[in-house]
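Participant: with the input below, show me the fold.
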Amino acid sequence: MSLLFRIVALIISNALAIYVAAKFIPGIHIEATLVNLLKAGALLGFANAFIRPIVKILSLPLVILTLGLFTVIINVMMLLFVAWAFDFFEISGFLSALWGVIIISIVNYFIAILTNKDN
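Facilitator: Alright, predicted model coming up:
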């Protein structure tokens, strides 16, 4: 699979996951146009690919101390960053963001299984 195809698939997967999270979690609101979802999906992919590793390294003592549970907080911070960056995406609180991260992770997991991401 080419790199460009992987990037496009990741953006679409994140966009769909954000849409599902906004539908099921009352505290997450997004103007669900295709362009808005793709923008949010692209920024979430960028944040997870470039910002998240830096934050994980800087917070390594907390990650070790909490036996890896602090990575959930880092994921919530990435989602809150995406919501902060765009006017059309709003998350009402930490708990909504936490549930949003859980939904987004589940949706991305099932999309990875359906697309057979390993090949």
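Participant: who are the packing partners of the helix or strand residue 83 falls within?
Facilitator: Using DSSP states H and E, residue 83 maps to helix 70-85. Counting contacts by 3 or more C-beta pairs under 8 Å, 6 or more residues apart in numbering; DSSP states H and E, helix 70-85 is packed against helix 34-46, helix 52-58, helix 60-65, strand 89-91, helix 94-115. In this view, the C-beta of every residue, glycine as well, is placed from N, C-alpha and C.
Participant: so which of the ones you listed is nearest residue 19?
Facilitator: Set against residue 19 and scored by C-beta to C-beta, these come closest in helix 34-46, at 5.6 Å.
Participant: average pLDDT for that closest one?
Facilitator: Averaged over helix 34-46, pLDDT sits at 97.
Participant: with stretch 67-83 instead?
Facilitator: If you average the per-residue pLDDT over stretch 67-83, you get 97.
Participant: how about residues contacting it?
Facilitator: Applying C-beta atoms under 8 Å, 6 or more residues apart in numbering, the external contacts of stretch 67-83 come out as 40, 43-44, 47-48, 51-52, 55-56, 59, 62-63, 89-91, 94, 97-98, 100-101, 104-105.
Participant: before we move on, back to that, okay, the helices and strands packed on helix 70-85, which one's buried deepest?
Facilitator: strand 89-91 (a mean of 21; mean count of other C-beta atoms under 10 Å).
Participant: what lines up beside it in the sheet?
Facilitator: The pairing partners recorded for strand 89-91 under DSSP bridges are strand 28-30 (antiparallel).
Participant: figure out how far the partner strand is from the centre of its chain.
Facilitator: 13 Å (C-alpha atoms, centre = their mean, to the nearest Å).
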